[in-house]
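*Asks:* Build me a model:
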Amino acid sequence: MKRVLLAIPQILMFTIVFGQTINDHKVTIRYIQLPTDPLPEEIGAYSISLTKNYESSNEDSIEAYNARLDAAKKNQEVQLETWKSDKKRADKIYFAAMATWQKAVNSGNTTVAKPQDPVYPDYPYLEEVPLPILTEEIASENLSNKIDLKGYNKGEGGAKLTFTYDGIQNAKIVNKVLGSGAMTKYQYSANYKMPLNVKLEVPGQGVVYEKSFYNNDSKKTIKSYSSEYDFKIWWMDNGENYWKSLQNNLLNAALSKVNSELNEKFGFPVKSNNTEVYVVKKYKNHNYSAFVDALTYAKSGYDLLSSDVNKINAKEKINKSINIWLDLLKESNLSDNKSKINKKATALLYANLAEAYLWIDDFENADLYANKGITISVLKYKNHCKRVQEKIGLLKSRYMANQ
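*Replies:* Just a heads-up that it's a prediction; the model follows:
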């Protein structure tokens, strides 16, 4: 038994000393993603327009606010006249009493009591008139800055992107009481709707994209408090900017989604993909310098993928690495683990080839070598080939849509 146990470390040591040294070179591939619904080739630009349906609503709200404020001021003026009259009457009574007291004191009366200070009626402060909840102004140039359809210029004569914005409506704070006793909670929410409609029109095709946001009554929970007065304190510090902030957040979220969806369907955005290129560094006395040459061409080619849609320069470089890997595959010997291109080296070549063919749009060969890599069943490279296969469907469908 001891003899067997002693042999195990020796076998492991042999594997460590004499196994192949593989370098995994991590590569970030930046590539131009093709659209799923390409616009006609003659379309090279797009314009953005904004219809502001909220301006009249803002004007109406301001007019109504000013009317309420004027009414409050007039009411205060009327109450103020009454207050002044009542104060004058109280002062007269007080001054008469003070005059009697002062004369008595001057005559030597030391026991006469000084009159109490006058009691005035409550001062009629101006009634608080809540400010209206207005739709925040949107500058067309700010809207334009949020939308960037990659691969196209901004200008007239092409596609037309139209935003129709009705602004914030039915805005109010709602309080809902939850629980009872010591567990009572006061849940505050902002209720609103804020219709925003977007459509992209293309000459000769009509509307190719249309989207609506916030058309229905919506609710955003603010916070729950143990007392209504805790919310009042919070609102004193935050209420002034709450609706402005909410509108900006909602609008930015909608514009971000529109920009993302437009680029997914029609644009040519640059995307990133992380992968690896495998190089056999050394094993026995075999010469693996060709792997380094292939790596150099592959990395150079991958770096050029985002330089143009047709990938002309990138494909030239990547094809050079493919040819080197194919030549190395000719030396594949799966039955001899000591051979230059043994099972492990063959598996990593399949992974390198599947990845390379994927990025030059040769999906048939990408799938072929991915299947080979999976079948040979060296776990690391098998998993790499599975990841390649997961990408083939999406990239192929986009490629075919643009042919």
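
*Asks:* All the helices of the stretch 251-400 of the chain, residue numbers only.
*Replies:* 289-303, 312-329, 343-359, 363-376, 379-401 (DSSP state H, counting those that start in this stretch).

*Asks:* quick one: buried residues of the first one?
*Replies:* By neighbour count, with 16 or more other C-beta atoms under 10 Å as the criterion, the buried positions of helix 289-303 are 291, 294, 295, 297, 298, 299, 300, 301, 302, 303. Bear in mind the C-beta positions are built from the backbone N, C-alpha and C, glycine included.

*Asks:* can you pull the pLDDT of the fourth one?
*Replies:* What it means is residue 297. pLDDT for residue 297: 98.

*Asks:* next one: the last one
*Replies:* With respect to pLDDT, residue 303 scores 97.

*Asks:* Could you do the first one as well?
*Replies:* Listed pLDDT for residue 291 reads 96.

*Asks:* Spatially nearest residue to it, not counting backbone neighbours?
*Replies:* Nearest non-adjacent residue to residue 291, counting by C-beta to C-beta, 6 or more residues apart in numbering: residue 279, 4.4 Å away.

*Asks:* circling back to that earlier point, need the winner for burial among the helices of the stretch 251-400 of the chain.
*Replies:* helix 343-359 (a mean of 25; mean count of other C-beta atoms under 10 Å).

*Asks:* Give me the angle between it and helix 379-401.
*Replies:* Per axes from the mean of the first three to the mean of the last three C-alpha atoms, to 10 degrees, the angle that helix 343-359 makes with helix 379-401 is 20 degrees.

*Asks:* and helix 343-359, what does it pack onto?
*Replies:* On a contact count with 3 or more C-beta pairs under 8 Å, 6 or more residues apart in numbering; DSSP states H and E, helix 343-359 meets strand 21-32, strand 270-282, helix 289-303, helix 312-329, helix 363-376, helix 379-401.

*Asks:* Recalculate using a threshold of 7 Å.
*Replies:* Packing partners of helix 343-359 (3 or more C-beta pairs under 7 Å, 6 or more residues apart in numbering; DSSP states H and E): strand 21-32, strand 270-282, helix 312-329, helix 363-376, helix 379-401.

*Asks:* The ones you listed into TSV, with extra columns for distance to residue 78 and mean pLDDT?
*Replies:* Shown next, in TSV, are the helices and strands packed on helix 343-359 (distance: least, C-beta to C-beta, whole Å; pLDDT from 0 to 100):
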stretch	distance to residue 78	mean pLDDT
strand 21-32	72	96
strand 270-282	69	96
helix 312-329	82	98
helix 363-376	84	98
helix 379-401	73	97
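
*Asks:* closest to residue 124 out of the ones you listed?
*Replies:* strand 270-282 (66.1 Å; C-beta to C-beta).

*Asks:* partners of the residue nearest to residue 291 in the sheet?
*Replies:* Residue 279 has these beta-bridge partners by DSSP bridges: residue 23.

*Asks:* so where's this protein uncertain?
*Replies:* 1-19 (pLDDT under 70).

*Asks:* picking up where we left off before, got a markdown table for the helices of the stretch 251-400 of the chain, with distance to residue 215 too?
*Replies:* Formatted as a markdown table, the helices of the stretch 251-400 of the chain follow (distance: least, C-beta to C-beta, whole Å):
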| stretch | distance to residue 215 |
| --- | --- |
| helix 289-303 | 45 |
| helix 312-329 | 45 |
| helix 343-359 | 42 |
| helix 363-376 | 41 |
| helix 379-401 | 31 |
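
*Asks:* Just send the helices and strands packed on helix 343-359 back as a markdown table, with distance to residue 41 too.
*Replies:* A markdown table is the format used below for the helices and strands packed on helix 343-359 (distance: least, C-beta to C-beta, whole Å):
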| stretch | distance to residue 41 |
| --- | --- |
| strand 21-32 | 16 |
| strand 270-282 | 20 |
| helix 312-329 | 18 |
| helix 363-376 | 23 |
| helix 379-401 | 13 |
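
*Asks:* looking at these, which is closest to residue 246?
*Replies:* When those are compared by C-beta to C-beta, strand 270-282 sits nearest residue 246, at 32.1 Å.

*Asks:* buried residues in the closest one?
*Replies:* Those would be 273, 275, 276, 277, 278, 279, 280, for strand 270-282 by 16+ other C-beta under 10 Å.

*Asks:* Spit out the contact partners of the nearest residue to residue 167 once chain neighbours are set aside.
*Replies:* In space, and not counting its chain neighbours, residue 167 is closest to residue 54: 2.6 Å by C-beta to C-beta, 6+ apart. Residues near residue 54 by C-beta atoms under 7 Å, 6 or more residues apart in numbering: 135, 165, 166, 167.

*Asks:* Can you tell me which of these end up in strands?
*Replies:* Under the assignment DSSP state E, the contacts of residue 54 contribute residue 165 to strands.

*Asks:* Going by distance to residue 369, which of the contacts of residue 54 wins?
*Replies:* residue 165 (51.5 Å).

*Asks:* Make TSV out of the contacts of residue 54 and add distance to residue 388 and neighbour count.
*Replies:* Formatted as TSV, the contacts of residue 54 follow (distance: C-beta to C-beta, whole Å; neighbours: other C-beta atoms under 10 Å):
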residue	distance to residue 388	neighbour count
135	50	23
165	44	22
166	48	18
167	49	24
